[in-house]
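A.B. asks: Below: sequence and its predicted model.
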Amino acid sequence: AESPGCVATRDLFDESGQHFVPIGRYSANPEFQQVGRAIYPTDKGCISQAWQHDWFFANDFPDPHQDWEGYLESHQRFGVAKTVVNGMTMKSRLFCGYKILSRDDQRPLAVVIVESTTPDRFDEDYLKEVFLDGERRFLSDLVAGVKTHIAVPSDVEKLGF
């Protein structure tokens, strides 16, 4: 069985390309530190839910080792295909997403996703306190500051690469 894991990622919204580009990923477990894909769609998974609703929390995904079909169905309800789930290194059971807005709350910039293989690793109230109260302005300033220094795929494409 896989060892318990937790990951936090930051995904920058590429306005021209209409997708997300991962700009950071952290896990204490080296096996889960690798970024999975170069881009993520805006209409699938936890990213989509956080982007559309500002906040998303689900910790009801079945144990993939005991109920694989239920695990697949849980992902499919958020538009994640079976082939994508099969390719996931980390089979998370808790997902939390938060949309980061510009400092003036006028423009969406990115999403932060927290995942864990342990469904009770974090309480939703605790994560809301961290993101909505404690770190809200810091995250807005951080993303706004780095956004101009990151080449997203649509920018690179415009340059002819």
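C.D. replies: Ah, there it is. Numbers count the residues shown, from 1 in each chain.

A.B. asks: okay, which residue is most central for the protein?
C.D. replies: Centrality entry for the chain: nearest residue to the mean C-alpha point is residue 113, 3.3 Å, by C-alpha atoms, centre = their mean.

A.B. asks: Find the nearest non-adjacent residue to residue 71, please.
C.D. replies: Nearest residue to residue 71, sequence neighbours excluded (C-beta to C-beta, 6 or more residues apart in numbering): residue 64, at 4.1 Å. Every C-beta, even on glycine, is put in place using the N, C-alpha and C of the backbone.

A.B. asks: Next one: the one you found relative to residue 42, how far apart?
C.D. replies: 25 Å (C-beta to C-beta, to the nearest Å).

A.B. asks: between those two, who's got more neighbours?
C.D. replies: residue 64 (21 against 18; other C-beta atoms under 10 Å).

A.B. asks: Out of the helices and strands in this structure, which is least certain?
C.D. replies: The weakest-scoring helix or strand in the chain, judged by mean pLDDT, DSSP states H and E, is helix 153-158 (a mean of 51).
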